[in-house]
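# sequence first, then the predicted structure, then my questions.
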There are 2 protein chains.
Amino acid sequence: MPKTVAEIAHETGFSVTTVRLIANGQASKYRISEATVKIVEEQIRRYGFVVNHAARSLKLMRTDTIGLVVPELSNAFFARLMSDLEELCRGSGLVLLTSSTNENPDLEDRAIRTLWARGVDGLIVAPCRTPDYGRLFGKTTKLPIVVVDRAYPDSRYPSVVSDNVEAGRALTRAVLETGAPLTAFLCGQTELPTIAGRIRGFAAACQEAGVTNWEELIMRAAENSAEAGRTLMGQLLERGRPPASFLCSSLMVLEGATQRLKERLGRIPVETVMGTFDDQESLDFLPNRIFSARQNEEELASQAFARLRELRAGKMSQSAQTTVPFQLIRRGGVRSAPRSGAASFRRGARASD
Amino acid sequence: MPKTVAEIAHETGFSVTTVRLIANGQASKYRISEATVKIVEEQIRRYGFVVNHAARSLKLMRTDTIGLVVPELSNAFFARLMSDLEELCRGSGLVLLTSSTNENPDLEDRAIRTLWARGVDGLIVAPCRTPDYGRLFGKTTKLPIVVVDRAYPDSRYPSVVSDNVEAGRALTRAVLETGAPLTAFLCGQTELPTIAGRIRGFAAACQEAGVTNWEELIMRAAENSAEAGRTLMGQLLERGRPPASFLCSSLMVLEGATQRLKERLGRIPVETVMGTFDDQESLDFLPNRIFSARQNEEELASQAFARLRELRAGKMSQSAQTTVPFQLIRRGGVRSAPRSGAASFRRGARASD
DNA sequence: ATGAAAGCGCTAACAA
DNA sequence: TTGTTAGCGCTTTCAT
């Protein structure tokens, strides 16, 4: 057990103030004498000292802790977001408290109440429904809250999201430019604002390219899961021949879709062009030409962190929405002999705009 | 801002003790009169009340918080582990504080010190080197610590790990049973105890099957990364023809290895049989026969949590090691026409023992 | 069935 | 340059 300031004060014969000033590194600022500093520091070195955070929080009415609430930690996107936020916190002497809600609104409410009750100084949340947390803690509470990833239309919190519309457009355009006839856009969990944005981008790109039947290309499922992808691809296959190209609203949907292709056709057709949101190294397992839109978690994290700082500083950037560009990644399409440029091509990801 | 017990006491005219008893739901236990309860509860309902956690911690010298330190949150295994642990905590009224150390021992030390300084009641850590935290906080401190995933030989903390040896054996056996000649075991970050165990299992299975040159089949790299996988596969290809089968110590290594295959051969040979540690749905992207060993994060989490409870309760199950079985998953190998059983086969994962 | 008071360890305002 | 003191909000012990 580390000693307390009072103990050290008692043992060295100095006062708590003196000891505290030294322990907090403010000795020179308050002109504590060299001798005193030496004695106290020696004592601290011998017996150790760490401020009791509970006591500090109680006194200062602040915990130097911020909360993060995400719908699904096993989703690599949120895991990376958390990782990046944690690093930002570390740099500011803060600690990050994270909760995963399993896409369950009730758990989300519980998580937020718990975090609030623990006195977090701020909250970053990727909500699984239109956020309205006033009812969880009296309206009076002035807890800074920033929404990430999912900007529900009438949310009253400042938000930081990826540019889903532009990414949907870029991804669709990339697939169209290969010349392969566009067959479908398989969408899971369509009520999410992110998915809605992606669909709008898809529609825009189609219209720009003169694809008039874009409306009927969109296939919707309620869930974002491999199962949804399987179902949608199943429906698509019933319509006719193997798709020349298709888009997926997420990696999980793509996984399900390709599983169904394998089951029905015995293999995943190599000439099919694919486009998907989310990126993962394992897309390289496919021989296909495939485009993916990757979110910039690092930028999302730092923007969200910045918004939170502003709120904490009193700047009410209320309802402001920050948008972060995706990155469009191109894979495959190098069908011929091995060539040294292949690797660098694969990595030659470029911003979508 | 919620009211404090003192405020409510003052407003209702009762004492803090009475209010506290009611607020904590111990009214009946202490025979507080109906009338009193009613008045106080009404006040609480109107103005809200949550215990100030900082004050509570200060008084009780306990934070109802436990810390988790992992080397890499973007690794799906650790993300799931965290998610499971968080759920266990929630069930016990605890809160989980997580830090990711990026496989950096210095960051690990920092993280652990921070968590300790914040007064966590216990620590679960997946260390990136032989753990010895005595020097971080005086030996005297009696902070319960449980190690997960990585049991370094001379660690003095109780640990909960997957059965890497048995999994290595099962995975190797599965690949051997296909009849494909075994070409190599590509290993990243070989100094990790997990990897060492996997290699031992590999060796055992080889010997059992009469494969005498197993020693030279093992290819080692210092890092666990796609780059390592690329390098190792590059070396393997220089030795001769495309591998009939190979094993990888992790998904990242497999990703790198397949990338190199694509670069060199223009494609990933479909007849190559693969085996890898870690599992992911996207392995289905490969047409190949492929086996994967999946850790049971849920069991690891609950065992680790249980060990921590024991330590907190004073049961010194010192240096005990708990082992959790892997799950061996079989994919591919259904090369012919579509058949309805394909899906259930794919999911027919079974325990490795 | 209810109340009073001490004290957890820290900070900040004020004294000297 | 150093010391004293009053809380922060809770729990607990001991009174009534």
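Nice, thanks for sending it over.

# what is the burial count for the closest residue in space to A:Ser162 that isn't next to it in sequence?
Ranked by CB to CB, 6 or more residues apart in numbering or on different chains and with sequence neighbours excluded, the top spatial neighbour of A:Ser162 is A:Gln295, at 4.6 Å. In short, each C-beta sits where N, CA and C put it, glycine included. The tally of other residues near A:Gln295 (other CB atoms under 10 Å in any protein chain shown) stands at 24.

# could you chop chain A up by domain?
A:5-51, A:62-161+A:297-324, A:164-295+A:327-331 (automatic domain parsing).

# what about the second one, how long is it end to end?
End-to-end distance for domain A:62-161+A:297-324: 31 Å, by CA to CA, to the nearest Å.

# that one near DNA strand D at all?
No. Counting by CB under 7 Å from any atom of the strand, DNA strand D has no neighbours in domain A:62-161+A:297-324; the shortest distance is 9.8 Å.

# can you tell if that domain touches chain B?
Yes. Contact of domain A:62-161+A:297-324 with chain B (CB under 8 Å from any CB of the partner chain) involves A:63, A:73-74, A:76, A:79-80, A:82-83, A:86, A:90, A:95-100, A:110, A:114, A:116-119, A:137-138, A:140-141.

# any idea which of the domains of chain A scores lowest on pLDDT?
When these are ranked by mean pLDDT, domain A:5-51 comes last with a mean of 90.

# against A:Arg198, how distant is the residue nearest to A:Ser162?
11 Å (CB to CB, to the nearest Å).

# nearest to B:Gln327, out of the domains of chain A?
Closest of those to B:Gln327 is domain A:62-161+A:297-324, at 16.2 Å (criterion: CB to CB).

# is that closest one in proximity to DNA strand C?
No. Using CB under 7 Å from any atom of the strand, domain A:62-161+A:297-324 stays clear of DNA strand C, coming no nearer than 9.5 Å.

# now do the contacts for the residue nearest to A:Ser162.
A:Phe77, A:Ser162, A:Asp278, A:Val324, A:Phe326, A:Gln327 (CB atoms under 8 Å, 6 or more residues apart in numbering or on different chains).

# what about the one residue in chain A that gets nearest to DNA strand D, which helix or strand?
Taking CB to the nearest atom of the strand, DNA strand D has its nearest neighbour within chain A at A:Arg31, 2.1 Å off. Taking DSSP states H and E as the definition, one finds A:Arg31 inside no helix or strand.

# kindly report the same for the one 4 residues further on.
In this assignment (DSSP H and E), A:Ala35 forms part of helix A:34-47.

# returning to what we had before: in helices only, show me the contacts of A:Gln295.
A:Phe77 (DSSP state H).

# what's the closest of the contacts of A:Gln295 to B:Arg173?
A:Asp278 (34.7 Å).

# what comes up buried for stretch A:190-210?
Neighbour counts over stretch A:190-210 (16 or more other CB atoms under 10 Å in any protein chain shown) mark A:190, A:192-199, A:201-206 as buried.

# the helix holding A:Ala35 close to DNA strand C?
No. Using CB under 7 Å from any atom of the strand, helix A:34-47 never reaches DNA strand C; the gap is at least 11.1 Å.

# flag every buried residue along that helix.
Buried residues in helix A:34-47 (16+ other CB under 10 Å): A:Thr36, A:Ile39, A:Val40, A:Gln43, A:Ile44.

# how about the residue lying closest to the third one once chain neighbours are set aside, secondary structure?
It stands for A:Val40. Closest residue in space to A:Val40, ignoring its immediate chain neighbours: A:Ile22 at 4.7 Å, by CB to CB, 6+ apart. When classified by DSSP: H, G, I helix; E, B strand; the rest coil, A:Ile22 comes out as helix.

# okay, now A:Ile22: neighbour count?
Neighbours of A:Ile22 (other CB under 10 Å): 26.

# tell me where chain A has helices.
Under DSSP H, chain A gives helices at A:5-12, A:16-23, A:34-47, A:53-60, A:76-91, A:105-117, A:164-177, A:193-208, A:214-217, A:226-239, A:251-265, A:297-312, A:341-347.

# in contact with A:Phe285, which residues?
B:Glu255, B:Thr258, B:Ile268, B:Ser282, B:Leu283, B:Phe285, B:Leu286.

# now, the most widely separated pair of those?
B:Ile268 and B:Ser282 (13.5 Å).

# wait, A:Met1 touches B:Phe137, no?
No. Checked against CB atoms under 8 Å, the pair A:Met1 and B:Phe137 is beyond contact range at 9.2 Å.

# out of the two, which sits in the more crowded spot?
The neighbour count for A:Met1 versus B:Phe137, taken as other CB under 10 Å, is higher for B:Phe137 (17 against 12).

# burial count for the nearest residue to that one once chain neighbours are set aside?
Take B:Phe137 and drop its neighbours on the chain: the residue closest to it by CB to CB, 6+ apart is B:Trp116, 5.2 Å away. For B:Trp116, the neighbour count with other CB under 10 Å is 19.

# quick one: stretch A:4-19 to chain centroid distance?
45 Å (CA atoms, centre = their mean, to the nearest Å).

# which other residues reach it?
A:Lys3, A:Arg20, A:Ala23, A:Ile32, A:Thr36, A:Ile39, A:Val40, A:Gln43, A:Ile44, A:Tyr47, A:Phe49, A:Asn52.

# endpoint to endpoint, that stretch covers what distance?
Across stretch A:4-19, first to last residue, CA to CA, it's 10 Å.

# torsion angles phi and psi at the nearest residue to A:Gly48 once chain neighbours are set aside?
Leaving aside its chain neighbours, A:Gly48 sits nearest to A:Pro2 (4.5 Å; criterion: CB to CB, 6+ apart). Backbone torsions of A:Pro2, given as degrees, to the nearest 10, read phi -70, psi 150.

# how many other residues sit next to A:Pro2?
18.

# for it, what are its contacts?
Contacts of A:Pro2 (CB under 8 Å, 6+ apart): A:Tyr47, A:Gly48, A:Phe49, A:Val50, B:Phe137, B:Gly138.

# thought the first one was touching A:Met1?
No. At 9.5 Å, A:Tyr47 and A:Met1 do not qualify as touching, with contact defined as CB under 8 Å.

# what residue in the stretch 101-250 of chain A comes nearest to chain B?
Closest contact between the stretch 101-250 of chain A and chain B, by CB to the nearest CB, is at A:Ala117 (4.6 Å).

# setting aside sequence neighbours, what's the nearest residue to that residue?
B:Val50 is the one closest to A:Ala117 (CB to CB, 6+ apart), at 4.6 Å.

# distance of the one you found from B:Pro2?
In terms of CB to CB, B:Val50 sits 5 Å off from B:Pro2.

# list residues touching both of the two?
By CB under 8 Å, 6+ apart, no residue touches both B:Val50 and B:Pro2.

# can you report how many residues lie near A:Glu299?
A:Glu299 has 15 nearby residues by other CB under 10 Å.

# surely it meets A:Val324?
Yes. Using CB under 8 Å, A:Glu299 is in contact with A:Val324, at 4.7 Å.

# for A:Thr276, see how far away the residue lying closest to A:Leu232 once chain neighbours are set aside is.
Leaving aside its sequence neighbours, A:Leu232 sits nearest to A:Leu186 (CB to CB, 6+ apart; 4.3 Å). Using CB to CB, we find A:Leu186 at a distance of 9 Å from A:Thr276.
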